[in-house]
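# Task: produce atomic coordinates for the following.
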Amino acid sequence: MTTEQRLSISSGEDILSYIPHSLGYWPARSLVCLTMAGKTIGATLRVDLPDVHDVGLQDFAHYVCAALGADEHADGVLLAVFGRRDWLVPGRIPYRRLMEVLESALRKAGTPVKEKWFLGPAYWRNYVCTDIDCCGWPGRPLDDIVSSALNAELIFRGSGYLDPQERAGSAVVPLPDGAGLAVHRALQTSTAVLSGRQLGQEQFMATLQAWELAIARWPEPPAATTSGYLLASLESVTVRDAVLVLASVGAQLAFAGALGYGLLAESEQDIVRPVPWEPTTREWVALRSSFSAGDDLLWQDFGRVLMGEGASDPDWNRLDKMDELLTHLSRAASGEPRAAVLTMLAWAQWCRGRGSAADAYLRLALRDAAGYRLALLLGELVSRGIICNWARDRRTSWHPPTDR
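Numbering: from 1, shown residues only. Sure, this is the predicted structure:
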């Protein structure tokens, strides 16, 4: 058995060790579905486990079938249930009714369940295995998964993931005090000078150019003064949304969309740029080119991109750069700019199909700025198990940089 990344899988431990690498974290209270086409593993779907009530299980199964249906090549499914407690009593099958409803629905959809496992906090087992040597009680230790050959190969290739205890806590790591203080001072200064002028057309262009240049230069970190400027610009929700569009599709749509939706105004105020602002000649040429609108540009796609839709495919190389840049900025951010950064990081995770990782960032954002609107709206999508359209299509879905 192989994955689309050409990884050889020979055991249940290998399959289960692949799941957290595919998601980017060890899932908790989750159902994970892996599609199969012959002997090749395809897409990964993670959803929160539902409350076990028969009335809701049919709707849940319908949703899972519809989501997995995006993989047109799938002819089977692997299921893994990550529960809160270990399966200790042989006759008490965890999520028994859920598995029955799911298996029936998936069989009718033409993608029957090939294998299914249950994983608790300490032990795991195959749902149907009765071999005492293979699946004795209370099961096999999770260390079998961690020490599997495939897990070692993935780590050797540079892959990694967070465990459920680390996921939210390690999302943001403080910078050294000196660096954080310099950025904080620059943030305060830039906030004062940008106030009231963010949505002037020329200023908006200048702000997006600063973001475009910072993304293009990454992994070179911006200077503290530039970091403060970028963070201060996120006080404007229009700038925040435009940066997401800029990073995922392009600067042309980011500016044209804001202009087309009537979010910008003419202004005679002086333009404020980061200090120092010293693009090279080559960088200036690239900036002018990136903001030159094409004839076929549909500015209405600005809003669709924020929902993972639209005519343009996502540029994952740029989105990965934005993600790393935002993570860097988050270490010295505070207040509303910090909530904006964390929510943008959550959006990037949601676009990758990583709902739990998105939820972790959203919780941090709302802890810093209760009622932050985009965090609440995105949290509603995540809580309902709504998957970004980009993540549901093999052609547009995210793959780790080493797989591109």
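# quick check: mean pLDDT across stretch 65-80?
For stretch 65-80, mean pLDDT rounds to 85.
# Going forward, the N-terminal residue is numbered 50.
Sounds good: first residue 50 from here, last item stretch 114-129.
# CA atoms of it as CSV?
Provided in CSV are the C-alpha atoms of stretch 114-129 (Å, rounded to 0.1, in the frame of the first residue of the first chain):
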residue,chain,number,x,y,z
CYS,A,114,-20.0,10.8,2.3
ALA,A,115,-20.4,14.1,0.5
ALA,A,116,-17.0,15.4,1.7
LEU,A,117,-15.3,12.2,0.7
GLY,A,118,-17.1,12.3,-2.7
ALA,A,119,-14.7,15.1,-3.7
ASP,A,120,-12.2,12.3,-4.3
GLU,A,121,-13.6,11.0,-7.6
HIS,A,122,-11.0,8.1,-7.7
ALA,A,123,-11.8,6.7,-4.3
ASP,A,124,-13.1,3.1,-4.1
GLY,A,125,-12.8,2.6,-0.4
VAL,A,126,-12.2,4.3,2.9
LEU,A,127,-10.1,3.7,6.0
LEU,A,128,-11.6,5.0,9.3
ALA,A,129,-9.9,5.9,12.6
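# quick one: buried residues of it?
For stretch 114-129, a neighbour-count test (16 or more other Cβ atoms under 10 Å) marks Cys114, Ala116, Leu117, Ala119, Asp120, Ala123, Gly125, Val126, Leu127, Leu128, Ala129 as buried. For every residue, glycine as well, the C-beta is placed using N, CA and C.
# now, which of those residues lie within helices?
Counting by DSSP state H, the part of the buried residues of stretch 114-129 found in helices is Cys114, Ala116, Leu117.
# Pull the most distant pair out of the buried residues of stretch 114-129.
Farthest apart among the buried residues of stretch 114-129 by Cβ to Cβ are Ala119 and Ala129. That separation is 19.2 Å.
# re the thing from before, kindly reformat the ones in helices among the buried residues of stretch 114-129 as CSV and extend each row with distance to Arg433.
What follows is these, written out as CSV (distance: Cβ to Cβ, whole Å):
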residue, distance to Arg433
Cys114, 16
Ala116, 12
Leu117, 17
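# Can you tell me which residue sits nearest the middle of the protein?
Gln398 (0.9 Å; Cα atoms, centre = their mean).
# after the host helix or strand of that one comes which helix or strand?
Assigned by DSSP states H and E, Gln398 falls within helix 384-400. Counting by DSSP H and E, the next helix or strand C-terminal to helix 384-400 is helix 404-417.
# For the helix or strand following that next one, the averaged confidence score.
Beyond helix 404-417 in the direction of the C-terminus, DSSP H and E gives the next helix or strand as helix 422-432. Taken as a whole, helix 422-432 has an average pLDDT of 91.
# ok now helix 422-432, how far from the chain's centre?
Put simply, helix 422-432 sits 13 Å off its chain's centre (Cα atoms, centre = their mean, to the nearest Å).
# Stretch 347-365 now?
So, by Cα atoms, centre = their mean, the centroid of stretch 347-365 is 16 Å from its chain's centroid.
# Convert the C-alpha atoms of that stretch to CSV, please.
Taking Å, rounded to 0.1, in the frame of the first residue of the first chain, the C-alpha atoms of stretch 347-365 are listed here in CSV:
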residue,chain,number,x,y,z
LEU,A,347,-12.5,39.5,-11.8
TRP,A,348,-12.4,41.8,-8.7
GLN,A,349,-15.6,40.0,-7.4
ASP,A,350,-13.4,37.0,-6.6
PHE,A,351,-11.9,39.0,-3.7
GLY,A,352,-14.7,37.8,-1.4
ARG,A,353,-14.8,34.3,-2.9
VAL,A,354,-11.1,33.8,-2.2
LEU,A,355,-11.8,34.3,1.5
MET,A,356,-14.1,31.3,1.4
GLY,A,357,-11.6,29.2,-0.5
GLU,A,358,-13.4,29.7,-3.8
GLY,A,359,-13.1,31.7,-7.0
ALA,A,360,-11.6,31.3,-10.4
SER,A,361,-8.0,31.4,-9.3
ASP,A,362,-6.1,28.5,-7.7
PRO,A,363,-4.3,29.1,-4.4
ASP,A,364,-0.5,29.7,-4.5
TRP,A,365,0.6,27.4,-1.7
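# got the contact list for that stretch?
For stretch 347-365, contacts defined as Cβ atoms under 8 Å, 6 or more residues apart in numbering pick out 290-291, 293-294, 296-299, 302-303, 305-310, 396, 399-400, 437-440, 444-445, 447-448, 453.
# What about those residues, which are in helices?
290-291, 293-294, 296-297, 302-303, 305-309, 396, 399-400, 438-440.
# can you pull up the bridge partners for the nearest residue to Ser79 once chain neighbours are set aside?
Nearest residue to Ser79, sequence neighbours excluded (Cβ to Cβ, 6 or more residues apart in numbering): Phe131, at 4.6 Å. Bridge pairing for Phe131 (DSSP bridges) gives the partners Ser79, Leu168.
# This completes my enquiry, with thanks.
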